[in-house]
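Participant: sequence and predicted structure are below.
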Amino acid sequence: MNYTSFIVKIVGQPKQSFFKDKISVTEIPAKFFPLRNKNSNTTIKLSVWGKLAYDVTKYYKEKDYVIVEGYISLRDLASDSLKKTRDKQVEISVFKIYPFSLNTLKS
C-alpha cells in the first residue's frame, strides 16, 4: 500500500478550484519537514478533496506545519517537449490533516 503520513510545511497559498458537479479540490504546495538536511528542497503537491478542501483553505496558510495522511503518487510534470528528461512530481491525495505548528503571527 502507499498510504502514508508526513509532517510538511505549507510553502504557498492553498488554491481551491471546482469541478462542474460542485466538487472542490484544493492544491497546496508543501515541503517535507527537514530532519537531517536543513537545506532540503523537495517540494510536493497536496491535493485535498470535498468538504475537507473548504476547511484547509479556511484554517491553514503559508508557513504552517501540518501532519497529513493520504495516498502518495508520482505524476509527470508538464515539461518542454524538446527536453528528453521526464521530471516527476510527488503528490499526496490527503484524507486527513492535523495542525502541527501553526503560524499565528499577524503580518
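Facilitator: Thanks, I have it. Residues are numbered from 1 along each chain as shown.

Participant: hey, where'd the strands end up in the chain?
Facilitator: 3-10, 15-18, 24-32, 43-49, 65-76, 88-101 (DSSP state E).

Participant: show me the shaky parts of the chain.
Facilitator: 1, 33-35, 37-40, 78-86, 104-107 (pLDDT under 70).

Participant: output the strands of the chain in a markdown table; the columns should cover mean neighbour count and distance to residue 57.
Facilitator: To be clear about C-beta, it is placed using only N, CA and C from the backbone, and glycine gets the same treatment. Output for the strands of the chain, formatted as a markdown table (neighbours: other CB atoms under 10 Å; distance: least, CB to CB, whole Å):
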| stretch | mean neighbour count | distance to residue 57 |
| --- | --- | --- |
| strand 3-10 | 16 | 11 |
| strand 15-18 | 12 | 5 |
| strand 24-32 | 19 | 5 |
| strand 43-49 | 19 | 9 |
| strand 65-76 | 16 | 13 |
| strand 88-101 | 15 | 12 |
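
Participant: distance to residue 58 added to these, as JSON lines?
Facilitator: JSON lines is the format used below for the strands of the chain (distance: least, CB to CB, whole Å):
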{"stretch": "strand 3-10", "distance to residue 58": "14"}
{"stretch": "strand 15-18", "distance to residue 58": "10"}
{"stretch": "strand 24-32", "distance to residue 58": "10"}
{"stretch": "strand 43-49", "distance to residue 58": "12"}
{"stretch": "strand 65-76", "distance to residue 58": "14"}
{"stretch": "strand 88-101", "distance to residue 58": "12"}
